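A.B. asks: How does the following fold in three dimensions:
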Amino acid sequence: MSTAESSTATRIHKARRWLQDSEAEALLVSNDYNRRYLSGFTGSSGWLLLSAADALLITDSRYTEQAGKQAPDFTVVPQTGPVPPLLLELSQQHGYERLAFESDHVSVAAYGSYREALAGHVELIECQRAIEDLRVAKEPDEIAALRKAIAIADDALAELLAWLRPGVTEKAAAWRLEVLMREGGAEGLSFPSIIAAGPNGAMPHHRPGNDVIPADTFIVMDFGCIADGYCSDMTRTVALGTPSPEMQEIYRIVLRAQEAAEEQVRAGMTGVEADACARDVIAAAGHADHFGHGLGHGVGLEIHEAPRLSPLAGDTPLPAGAVVSIEPGIYVPGVGGVRIEDLVLLHTDGAEVLTGSPKLRFQT
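C.D. replies: All right, here's what the predicted structure looks like:
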């Protein structure tokens, strides 16, 4: 059995354990990322129907051959018409009377069509985050894919910085970065790259435009790529020349906050406690009002997934095996911003930093 097949079997087992504790006899999975996580199938259209005895993958003729190759643990069911009546047919064939569905991923219109087709035969049961919660702690093959995506981004940044010079536009730098990641083996971008020079750095999600990157200023670069389906995410604030003393001091504060968090964050903490590791440093330096977002988020098949590291995260402990971003920032409108971000793997005794790119160091 290959590693991929072994992982799929493990994930099916986890989903079936969730199903045992639910009120349903079967689970309908419609979310693209959850479908891929459970089955390995990467096609853009499909549904999983999972029960204690059955693992079915419904897809149309465009993907039936692909599904058979990518999802050997599932029986492929050809979709030749609308899905709702097919769900009724399969439910009656396999004896399902209660069907759980991902209510946070199903539109009102789709729910209405399911309810109409199944009325009087199968009870629909709403569920949320059934599979997302299983995805939080990463398995070895997932961590390997994440390391690959991170390494591609690390290498691309090194090449970009060797090329970058004052006078280049933000948009040109973003395009160069994308080319370097794709040439390095990336399947695509985790999200549109952020290149924010000078005052634009005060906007955490600035979209690169035709602004020319000047000398003696900071440039916030937030980017990532996809490898084997998994995302990387990194931010480095870099300088061409010597930024102002004010911005250098802001950089030092953010770096202290980021390093404090990476030294202290560990599995078993809550997301609120983890966030405070960096937020307290920034607040003590007088910039509490200039750090408006959470410290971090989970990264995996999606660029933003559970868990959250934030004042709003709640009291759920962070699990060992989660990969999260550590990305404090300070943003001063009209002046500029600084953000520094690594991905880390949580263990019970600390956080393992996965990102390899160096960070600027200014003398205190």
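A.B. asks: pLDDT on stretch 300-316, on average?
C.D. replies: When pLDDT is averaged along stretch 300-316, the result is 97.
A.B. asks: number of nearby residues for the residue nearest to Ser325 when sequence neighbours are not counted?
C.D. replies: Of all residues not flanking Ser325 in the chain, Gly296 sits nearest, at 3.9 Å (CB to CB, 6 or more residues apart in numbering). (Each C-beta comes from the backbone N, C-alpha and C, glycine too.) Look at Gly296: counted by other CB atoms under 10 Å, it has 27 neighbours.
A.B. asks: Check Val299 too.
C.D. replies: Val299 has 26 neighbours, counted by other CB under 10 Å.
A.B. asks: mind listing what it touches?
C.D. replies: Shown in contact with Val299 (CB atoms under 8 Å, 6 or more residues apart in numbering): Leu146, Cys231, Ser232, Asp233, Glu305, Val323, Val324, Ser325, Leu343.
A.B. asks: okay, these in JSON lines with neighbour count next?
C.D. replies: Listed next are these as JSON lines, based on neighbours: other CB atoms under 10 Å:
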{"residue": "Leu146", "neighbour count": "24"}
{"residue": "Cys231", "neighbour count": "26"}
{"residue": "Ser232", "neighbour count": "31"}
{"residue": "Asp233", "neighbour count": "27"}
{"residue": "Glu305", "neighbour count": "19"}
{"residue": "Val323", "neighbour count": "27"}
{"residue": "Val324", "neighbour count": "28"}
{"residue": "Ser325", "neighbour count": "23"}
{"residue": "Leu343", "neighbour count": "27"}
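A.B. asks: Looking at these, which one is closest to Phe74?
C.D. replies: Glu305 (23.0 Å; CB to CB).
A.B. asks: That closest one touches Arg135, doesn't it?
C.D. replies: Yes: under the criterion of CB atoms under 8 Å, Glu305 makes contact with Arg135 at 6.7 Å.
A.B. asks: Quick check: phi and psi at the residue nearest to the spatial centre of the chain.
C.D. replies: Nearest residue to the geometric centre of the chain (CA atoms, centre = their mean): Ile303, 2.4 Å. With angles defined as degrees, to the nearest 10, Ile303 sits at phi -70, psi -30.
A.B. asks: if I look at it, how far off is Ile330?
C.D. replies: According to CB to CB, to the nearest Å, Ile303 and Ile330 sit 23 Å apart.
A.B. asks: check contacts around the residue nearest to Pro317 when sequence neighbours are not counted.
C.D. replies: Among residues not flanking Pro317 along the chain, Gly268 sits closest, at 5.2 Å (CB to CB, 6+ apart). By CB under 8 Å, 6+ apart, the contact set of Gly268 is Pro317, Leu318, Ala320, Thr348.
A.B. asks: Quick one: the helices in the protein, in order.
C.D. replies: Ranges of helices in the chain, per DSSP state H, are 3-20, 32-39, 64-70, 83-94, 108-118, 140-163, 170-183, 245-264, 271-284.
A.B. asks: just so I know, which of these lies nearest Thr355?
C.D. replies: Among these, the nearest to Thr355 by CB to CB is helix 140-163 (5.8 Å).
A.B. asks: Keeping just the C-alphas, turn the closest one into PDB.
C.D. replies: Written as PDB, here are the backbone C-alpha positions of helix 140-163 (Å, rounded to 0.1, in the frame of the first residue of the first chain):
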ATOM      1  CA  PRO A 140       3.400  13.100   7.700                       C
ATOM      2  CA  ASP A 141       2.600  13.300   4.000                       C
ATOM      3  CA  GLU A 142       0.900  16.600   4.500                       C
ATOM      4  CA  ILE A 143       3.900  18.100   6.400                       C
ATOM      5  CA  ALA A 144       6.200  16.900   3.600                       C
ATOM      6  CA  ALA A 145       4.000  18.700   1.000                       C
ATOM      7  CA  LEU A 146       4.000  21.800   3.100                       C
ATOM      8  CA  ARG A 147       7.800  21.700   3.500                       C
ATOM      9  CA  LYS A 148       8.100  21.400  -0.300                       C
ATOM     10  CA  ALA A 149       5.900  24.500  -0.900                       C
ATOM     11  CA  ILE A 150       7.800  26.400   1.800                       C
ATOM     12  CA  ALA A 151      11.200  25.500   0.200                       C
ATOM     13  CA  ILE A 152      10.000  26.700  -3.300                       C
ATOM     14  CA  ALA A 153       8.900  30.000  -1.800                       C
ATOM     15  CA  ASP A 154      12.200  30.400   0.200                       C
ATOM     16  CA  ASP A 155      14.200  29.800  -3.000                       C
ATOM     17  CA  ALA A 156      12.100  32.200  -5.000                       C
ATOM     18  CA  LEU A 157      12.500  35.000  -2.500                       C
ATOM     19  CA  ALA A 158      16.300  34.600  -2.500                       C
ATOM     20  CA  GLU A 159      16.300  34.900  -6.300                       C
ATOM     21  CA  LEU A 160      13.900  37.900  -6.300                       C
ATOM     22  CA  LEU A 161      16.000  39.800  -3.800                       C
ATOM     23  CA  ALA A 162      19.100  39.300  -6.000                       C
ATOM     24  CA  TRP A 163      17.200  40.800  -8.900                       C
END
